[in-house]
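In: Can you look at this prediction? I've put the sequence above it.
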Amino acid sequence: MADIDLHIKGGTVVDGTRVPRYRADVFIKDGKIAQVGGRAPGFAKKTIDAGGMIVAPGFVDLHTHYDAQIRWDPYCTISGWHGVTSVVLGNCGFGFVPVKPDFRERSMLTMTRTEAIPYESMKVGMKWDWETIPQYLDSLDRTAKGVNVIQYLPTSSIMTYVMGLEAAKTRPATEDERTEMRRIFAEGMEAGLGGFSVQRLGPNSTQADFDGSPMVTDTMCDEDILNLARVLREREEGFVEITQATGHIKDDLAFLERLAAEANRPILHNVIAPARRDPTVHQKSMAWLKRCREKGLPIFGQAFTLRTGFAFTLEHWNLYDASPAWRSVTTGTNAEKISKMKQPALREAIKREHDEANRKLEAIQAGVGGPIRHLIVTWAGDKPELEKYVGKALGQIAAEEKKHEIDVMLDLSVAGDLKVEFLGPNRGFNPEYY
């Protein structure tokens, strides 16, 4: 019998094939699984006792924004701590490729705004040695990595690269520009891209750009997306990740079906979110996905299975951007934000949206962080005078101090130089939903 490199002994195997878990030994040779279960195929150079532990393949995290962090953190912390062995970069239509040298700074500012990645970390940690997609992928290959990487083409990036930022945000592409985008995308697919990504959340995007305007793809026309989809159809490879607004749900879903038919490749519909008290919220989406599959359309849902609260500060937070009043207050430099947060007229605008009859703003907040009155102060931003608020909900503080909860949140943020951290409540879960 030939020697084997590794014997993983006595573990409980969960192999991802949907069969029930089972206890078995696993044997590794030359970096590959040589055998699962049965008698050892040879003498093991090393044995690991996995008794009482799960032995499973690594997990693929389909939706990450480690585009910058992977340059200085090989394991993409904290995903690597949870068994993730493959990450997908370039989600939601924004990222760092392709990018012209004079647009590097602006692209980092966008990522600071949209994903709260510290600007100074990117300035130090990113060694810009690329412009084109092949150059970027070569650079990513050279980067020390503890995980596998799949890379999307961010659609905002290619539109800006070809059209310029102002044109990409204000008009459809010309036929010549679409031809050039197809050429660049095909070149990228040849070099190793996995597909492309798009965020279309409309003019009041929940996730706006650095200056508060919609992202390039938020208001892009259908044809500019279908233009890239045809590259995938011609190549018979790749897939699409899309975050789509649901304000006019029939029209939005109809476009996703059209996109799937045009690309004839898997469409990852982001995101299907369960509601704790109403199972019909996600069941309707699942029923629609089933109908799509019955029609031969390869549309797949990406879903939350557990709703947890966001931890955030107003230094970088942008997920209230669907509110024009909040968007105005939270754009600009830190000094500009603090100045605006002190202005009574701007506060009143936020409170009007918050208190209006249809409670539009509260619906937005409930979806991305939790209603403001339920947010917990978890860190005082190194301000000893604010420590008394840690552990309290904003609604509780508002009642104690006889203030509006919006004033409480903004007063604490200003006093803490925007470093005060808020945590949304645990949403809980219902295992009976399916």
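Out: Sure, I can see it.

In: residues contacting Q244?
Out: R200, L201, D252, F255, L256, H269, N270 (Cβ atoms under 8 Å, 6 or more residues apart in numbering). All C-beta atoms are positioned from the backbone trio N, CA, C, and that covers glycine.

In: Might you report the residue contacts of the fifth one?
Out: Under the criterion of Cβ under 8 Å, 6+ apart, the neighbours of L256 are I242, Q244, I267, H269, I299.

In: Report the secondary structure state of it.
Out: Three-state call for L256 (DSSP: H, G, I helix; E, B strand; the rest coil): helix.

In: so how far is F185 from it?
Out: 20 Å (Cβ to Cβ, to the nearest Å).

In: who wins for most neighbours among the contacts of L256?
Out: I242 (26 neighbours; other Cβ atoms under 10 Å).

In: Not counting residues beside it along the chain, what's closest to that residue?
Out: V198 (4.7 Å; Cβ to Cβ, 6 or more residues apart in numbering).

In: Surely the one you found is in a strand?
Out: Yes: assignment of V198 by three-state DSSP places it within a strand.

In: what does stretch 27-43 rub up against?
Out: Outside stretch 27-43, the residues within contact range by Cβ under 8 Å, 6+ apart are 1-8, 13, 15, 22, 24-26, 44.

In: Just the ones of those in strands?
Out: Counting by DSSP state E, the contacts of stretch 27-43 place I4, D5, L6, H7, I8, V13, Y22, A24, D25, V26, A44 in strands.

In: Among the contacts of L256, find the lowest-pLDDT one for me.
Out: Lowest pLDDT within those is found at Q244 (83).

In: who's it bridged to?
Out: Taking DSSP bridges, one finds R200 as the beta-bridge partners of Q244.

In: what about T112, how many neighbours?
Out: A count of nearby residues for T112, using other Cβ under 10 Å, gives 20.

In: The one 3 residues further on too?
Out: Neighbour count for E115, taken as other Cβ under 10 Å: 19.

In: of all the ones in strands among the contacts of stretch 27-43, which comes closest to A263?
Out: Checking the ones in strands among the contacts of stretch 27-43 against A263 by Cβ to Cβ gives V13 as the nearest, at 36.0 Å.

In: re the thing from before, tell me the one among the contacts of Q244 nearest to L109.
Out: Using Cβ to Cβ, L201 is the member of the contacts of Q244 that lies nearest L109, at 19.0 Å.

In: picking up where we left off before, and the two most separated of the ones in strands among the contacts of stretch 27-43?
Out: Farthest apart among these by Cβ to Cβ are D5 and Y22. That separation is 22.8 Å.

In: Next, Y152: secondary structure please.
Out: Classified using three-state DSSP, Y152 is strand.

In: I'd say it and G90 touch.
Out: Yes: look at Y152 against G90 with Cβ atoms under 8 Å: they come within range, at 3.4 Å.

In: what touches both of the two?
Out: S197.

In: Out of the contacts of L256, name the ones that lie in strands.
Out: I242, Q244, I267, H269, I299.

In: Tell me the helix or strand right after the lowest-mean-pLDDT helix or strand in the chain.
Out: Least confident helix or strand of the chain, by mean pLDDT, DSSP states H and E, is helix 360-368 with a mean of 65. Counting by DSSP states H and E, the element after helix 360-368 in chain order, helix or strand, is strand 376-379.

In: Follow the chain on from that next one and name the next helix or strand.
Out: Counting by DSSP H and E, what follows strand 376-379 is helix 394-401.

In: Quickly list the domain ranges of this protein.
Out: The chain is divided into the following domains under automatic domain parsing: 4-56, 60-303, 311-423.

In: Worst mean pLDDT among these?
Out: domain 311-423 (a mean of 89).

In: Would you mind measuring from I350 to I33?
Out: Counting by Cβ to Cβ, the gap from I350 to I33 is 56 Å.

In: Now do the helix or strand where V408 lies against helix 394-401, angle only.
Out: In the assignment (DSSP H and E), V408 maps to helix 405-415. Relative orientation of helix 405-415 versus helix 394-401 (axes from the mean of the first three to the mean of the last three Cα atoms, to 10 degrees): 90 degrees.

In: what's helix 405-415 in contact with?
Out: By Cβ under 8 Å, 6+ apart, the residues outside helix 405-415 that reach it are 313-314, 329, 338, 341-342, 347, 350-351, 354, 372-373, 375, 377, 383, 385-386, 389, 394-395, 397-398, 401, 403, 420, 422.

In: And the next helix or strand after that helix, what does it pack against?
Out: Note on helix 405-415: by DSSP H and E, the next helix or strand toward the C-terminus is strand 421-423. If you count contacts as 3 or more Cβ pairs under 8 Å, 6 or more residues apart in numbering; DSSP states H and E, strand 421-423 packs onto strand 311-312, strand 376-379.

In: Against which helices or strands is the shortest one packed?
Out: Packed against strand 311-312, as judged by 3+ Cβ pairs under 8 Å, 6+ apart, are the following elements: strand 421-423.

In: So in that sheet, which strands flank the strand it packs on, and in what orientation?
Out: strand 311-312 (antiparallel), strand 376-379 (antiparallel).

In: List the buried residues of stretch 54-67.
Out: V55, D61, T64, H65, Y66, D67 (16 or more other Cβ atoms under 10 Å).

In: So what touches that stretch?
Out: Outside stretch 54-67, the residues within contact range by Cβ under 8 Å, 6+ apart are 8, 11-16, 21, 26, 73, 76, 79, 82-92, 95-96, 111, 114-115, 117, 148, 150, 241, 268, 270-271, 302.

In: Just to be sure, I33 is in a helix?
Out: No: read with three-state DSSP, I33 is strand and lies in no helix.

In: any idea of the pLDDT on F59?
Out: 88.

In: Enumerate the beta-bridge partners assigned to it.
Out: V84.

In: sorry, back to before: now the strands paired with strand 421-423 as a markdown table including mean neighbour count?
Out: Converted to a markdown table, those look like this (neighbours: other Cβ atoms under 10 Å):
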| stretch | mean neighbour count |
| --- | --- |
| strand 311-312 | 17 |
| strand 376-379 | 19 |
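
In: Export these as a markdown table, with columns for distance to V162.
Out: Below are the strands paired with strand 421-423 laid out as a markdown table (distance: least, Cβ to Cβ, whole Å):
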| stretch | distance to V162 |
| --- | --- |
| strand 311-312 | 34 |
| strand 376-379 | 43 |
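
In: Right, I'll leave it there.
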